[in-house]
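# quick one, fold the following:
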Amino acid sequence: MKRQYQVWLCVLLACVGFALAGSALISYNGVEEDEALFAAPIFSQVAPLYRIRIAHENIPLMVMDYVGAFKSWLYWPIFHVFAPSPRSLRFPVLIIGALAILLFARLLERVTGLFGALAGALLLASDPIYLLTAEFDWGPVAIQHLTLIAACLLLFQFSRSNSSKALAAGFFTLGLGMWDKAIFSWLIAGLVVAALVTFPKEIFRRLTKRNIAVALASFLLGALPLLMFNIRSDWRTFRGNASFSTENLNAKIAVLRSSLNGSGLFGYMVNYRQQVQTVNEPETRLERASTRIADLAGEPHYSFQIPALGMAIVAGLLFRTSRRATIFALAFMATAWLLMAFTKGAGAAAHHVVLLWPFPQFVLAVALAEIVRRWSRIGVAFCAATLAFLCIISLLVTNQYLAQFIRYGPAITWSDAIYPLSNSLRGEPGEVFAVDWDIYDPLVLLLQGQLKLHPGTEQLDRVLALPRAIYITHTPDTQFFPKANQQLETVAAARGYRKELLRVIADSHGRPVFQVYQFVRQ
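Residues are numbered from 1 along each chain as shown. The predicted structure follows:
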């Protein structure tokens, strides 16, 4: 019993350490477009197709065809207590990520025992890609991880106890995951294939009419908002987002590899040295410590998870007692990754690949626990040293992200120039048009919908004639859609307007990022 308390204390400390590591990174990034997408139902109007009206209130169902308003519902009370800011935006998903680690440890305890629970918690809590994708949650992925792990835990409980409550709760949780984002179907397919491959007799033995009815009703209840939207829109989620393609397969394999080794967000989320002209010096004690550790460690960009995972697969398959758990994880990962890899426009970014988590860590934890079980003292020493090595290297990679944030700043997609931009627009009385991508939703969030803000510039004749209308885009060398910006200026010039620059907004490294301008009659 004492050992159990010690292990769970360490698991809780891992969760706290995960949240503290995330807290250290919170303020360095700007707010990205997809990270802020869920704020529209809270602070702005939602298209009629994406909402229902109950008792004279508009209730959002969806944010996009395949992204539900579940996160909007969770954040509505948070933002009514705490004004939108980097902390109020990111700390809740850090807590969700930490809770997922706790549930993952509980699942591993039931599958492999206490050492496996501790190993899995430490491996997941120290993983840099899990931390960064959950904290900045532009996938979104935080709720996806939580619902996946919670469903696995509940359905594992059902397999042991045949409890209808556990079955209902597990499938309800899967339904919530589908509502949160419809690509959760990849993960559900992975679970189905994995279960059929590893537990076929147990599955078919429990396929009673009652269990099927309970599971189906619970799943549909969890996914009810998604179901209501699709009934109203002729199944738009699935008609518009289910095309398959073999394009960019090599690039998707490269993203899988870079996500597994922890390097997948360098250059995308945080700049490399060659991407900037000026280097900032660390100012606080934390920043000095981070950059010093990065220098002493040789600026590591890669973890050892891939070779460790390869050895863990061999070890897990070698022993009969760990074989089924390892096969289950491999079948899940193979199925889910193949679905994202062959879906058009998917699988080529870390926020898709990370949906395979925590099953890479599951395989590692199962193998380490099996070695400990078989070789006692020698196994404990070997596995403890291996676990410490893997976690330390992963933490050094996480620290490298922090050090590059400090020195080189966030990449353009995550530019912190969004904060001075939003401050400069407070109280703006006229119409404001976000001409480029990665501007509209962050401003809706940060300014709480208190701006007459529009995405894009439709009906140009009417827009150009508006008094005091201003336009926001990125500077020429940082624009996402330069053709759209050029087209606007060309049309305006043809109608007798010239562009008048009002101000340029720079980031914390002094790099110009945003242009604010208006059109005036020539």
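# tell me how far stretch 372-386 is from the chain's mean position?
Averaging C-alpha positions (Cα atoms, centre = their mean, to the nearest Å) puts stretch 372-386 34 Å from its chain's average.
# then stretch 14-33?
Its chain's C-alpha centre and that of stretch 14-33 lie 13 Å apart, by Cα atoms, centre = their mean.
# the closest residue to Gly116 other than its chain neighbours is in what secondary structure piece?
Spatially, and ignoring its direct neighbours in sequence, Gly116 is nearest to Ala369 (3.4 Å; Cβ to Cβ, 6 or more residues apart in numbering). Bear in mind the C-beta positions are built from the backbone N, C-alpha and C, glycine included. Taking DSSP states H and E as the definition, one finds Ala369 inside helix 359-408.
# just the CA coordinates for the helix or strand just after that helix, please, in CSV.
For helix 359-408, the succeeding helix or strand toward the C-terminus, using DSSP H and E, is helix 418-425. The C-alpha trace of helix 418-425 is given here as CSV (Å, rounded to 0.1, in the frame of the first residue of the first chain):
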residue,chain,number,x,y,z
ILE,A,418,-1.0,40.1,-32.3
TYR,A,419,-0.9,41.5,-28.8
PRO,A,420,0.2,45.1,-29.7
LEU,A,421,-2.1,44.9,-32.7
SER,A,422,-5.2,44.2,-30.6
ASN,A,423,-4.2,46.9,-28.1
SER,A,424,-3.9,49.4,-30.9
LEU,A,425,-7.4,48.6,-32.1
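# can you list contacts of the helix or strand just after helix 418-425?
Note on helix 418-425: by DSSP H and E, the next helix or strand toward the C-terminus is strand 431-434. Residues outside strand 431-434 that contact it (Cβ atoms under 8 Å, 6 or more residues apart in numbering) are 425, 440, 443, 451-457, 463, 466, 468-473.
# what mean pLDDT does the next helix or strand after strand 431-434 get?
Note on strand 431-434: by DSSP H and E, the next helix or strand toward the C-terminus is helix 440-446. Taken as a whole, helix 440-446 carries a mean pLDDT of 96.
# what number of residues lie near Arg106?
For Arg106, the neighbour count with other Cβ atoms under 10 Å is 19.
# which element follows the helix or strand containing it toward the C-terminus?
Counting by DSSP H and E, the element that carries Arg106 is helix 86-112. Remark: after helix 86-112, the chain's next helix or strand is helix 114-125, criterion DSSP H and E.
# and that following helix, what does it pack onto?
helix 2-25, helix 86-112, helix 359-408 (3 or more Cβ pairs under 8 Å, 6 or more residues apart in numbering; DSSP states H and E).
# ok so, going back, so which of the contacts of strand 431-434 sit within strands?
452-455, 470-473 (DSSP state E).
# wait, isn't Phe519 in contact with Lys499?
Yes: with contact defined as Cβ atoms under 8 Å, Phe519 reaches Lys499; the gap is 6.1 Å.
# shared neighbours of these two, anything?
In contact with both Phe519 and Lys499: Ala492, using Cβ under 8 Å, 6+ apart.
# picking up where we left off before, and the ones in strands among the contacts of strand 431-434, which is closest to Cys152?
Ranked by distance to Cys152 (Cβ to Cβ), these are led by Pro455 at 38.2 Å.
# how far off centre is stretch 191-205?
Worked out by Cα atoms, centre = their mean, stretch 191-205 lies 29 Å from the chain centre.
# got the buried residues for that stretch?
Within stretch 191-205, the residues that count as buried by 16 or more other Cβ atoms under 10 Å are 191, 193-195, 197-198.
# how about stretch 457-477?
So stretch 457-477, judged by 16+ other Cβ under 10 Å, has buried residues 457, 460, 463-464, 469-475.
# which one in the residues you listed is the model shakiest on?
Among the buried residues of stretch 457-477, pLDDT bottoms out at Leu460, giving 72.
# need the CA coordinates for the helix or strand harbouring Val214. PDB is fine.
Under the criterion of DSSP H and E, Val214 resides in helix 209-222. Taking C-alpha atoms only, helix 209-222 is exported to PDB below (Å, rounded to 0.1, in the frame of the first residue of the first chain):
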ATOM      1  CA  LYS A 209     -28.600  -6.700 -28.300                       C
ATOM      2  CA  ARG A 210     -28.700  -4.900 -25.000                       C
ATOM      3  CA  ASN A 211     -25.000  -3.900 -25.100                       C
ATOM      4  CA  ILE A 212     -25.300  -2.800 -28.700                       C
ATOM      5  CA  ALA A 213     -28.300  -0.700 -27.800                       C
ATOM      6  CA  VAL A 214     -26.600   0.900 -24.800                       C
ATOM      7  CA  ALA A 215     -23.400   1.600 -26.700                       C
ATOM      8  CA  LEU A 216     -25.200   3.100 -29.800                       C
ATOM      9  CA  ALA A 217     -27.600   5.200 -27.700                       C
ATOM     10  CA  SER A 218     -24.800   6.500 -25.500                       C
ATOM     11  CA  PHE A 219     -22.500   7.300 -28.500                       C
ATOM     12  CA  LEU A 220     -25.300   9.200 -30.300                       C
ATOM     13  CA  LEU A 221     -26.100  11.100 -27.100                       C
ATOM     14  CA  GLY A 222     -22.500  12.300 -26.800                       C
END
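# what angle sits between the helix holding Ala369 and helix 2-25?
30 degrees (axes from the mean of the first three to the mean of the last three Cα atoms, to 10 degrees).
# what helices or strands is helix 359-408 leaning on?
For helix 359-408, the packing partners by 3+ Cβ pairs under 8 Å, 6+ apart are helix 2-25, helix 86-112, helix 114-125, helix 128-136, helix 285-296, helix 305-318, helix 320-341.
# format those helices as a markdown table; extra columns: distance to Gly68 and mean pLDDT.
Shown next, in a markdown table, are those (distance: least, Cβ to Cβ, whole Å; pLDDT from 0 to 100):
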| stretch | distance to Gly68 | mean pLDDT |
| --- | --- | --- |
| helix 2-25 | 24 | 94 |
| helix 86-112 | 15 | 97 |
| helix 114-125 | 25 | 97 |
| helix 128-136 | 18 | 98 |
| helix 285-296 | 37 | 96 |
| helix 305-318 | 31 | 96 |
| helix 320-341 | 19 | 96 |
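# and those helices: which comes nearest Ile412?
Taking the helices and strands packed on helix 359-408 one by one with Cβ to Cβ, helix 128-136 is closest: 14.8 Å.
# list the contacts of the next helix or strand along the chain from that closest one.
Next helix or strand after helix 128-136 toward the C-terminus (DSSP H and E): helix 142-161. With Cβ under 8 Å, 6+ apart as the contact definition, helix 142-161 has outside contacts at 70-71, 74, 93, 96-97, 99-100, 103-104, 106-107, 110-111, 130, 134, 163, 166-167, 169-171, 173-174, 176-177, 180-181, 184, 187, 191, 199, 202, 206, 355, 357-358.
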